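Asker: quick one: sequence and predicted model below, then my questions.
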Amino acid sequence: MTDTTFDSLGYFEKLKAAGFSETQARVQVEAMQGIVRTYDEDSRRELATKLDLKEIELRLLKWQLGIGLALAAIMAKGFGWLGF
């Protein structure tokens with residue numbers, strides 16, 4: 001997974017060119033870095049990993065097998081295939 005890139009030096013230089021003082025620009029860059037970092041962490045928490053997908057796939061497979069066996073048992077009983 002790639003990190004979101006943030007050109008902090010470029011942002012700093014643009015703020016300085018727009019008339020911000022060095023202190024104001026530095027504070028703004030630090031605040032923006034915090035926002036980008038928080039966004040990355042939140043986004044990663046919401047994404048499914050390969051392990052998450054494999055666990056879901058295994059659960060679905062178990063359900064499918066269980067339903068298949070239940071249907072086979074119901075059909076065997078209904079059609080009298082096993083004599084019970």
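Answerer: Now that the structure is in, tell me what you want to look at.
Asker: most centrally placed residue in this protein?
Answerer: Taking CA atoms, centre = their mean as the criterion, Leu47 is the residue nearest the geometric centre of the chain, at 0.5 Å.
Asker: packing partners for the helix or strand bottoming out on mean pLDDT in the chain?
Answerer: Ranked by mean pLDDT, DSSP states H and E, the helix or strand of the chain with the weakest confidence is helix 22-46, at a mean of 84. Judged by 3 or more CB pairs under 8 Å, 6 or more residues apart in numbering; DSSP states H and E, helix 22-46 is in contact with helix 8-17. Every C-beta, even on glycine, is put in place using the N, C-alpha and C of the backbone.
Asker: so what secondary structure elements neighbour the helix it packs on?
Answerer: Applying 3+ CB pairs under 8 Å, 6+ apart, one finds that helix 8-17 contacts helix 22-46.
Asker: give me the mean pLDDT for the lengthiest helix in the chain.
Answerer: Taking DSSP state H as the criterion, the chain has its longest helix at helix 50-79. Helix 50-79 shows a mean pLDDT of 92.
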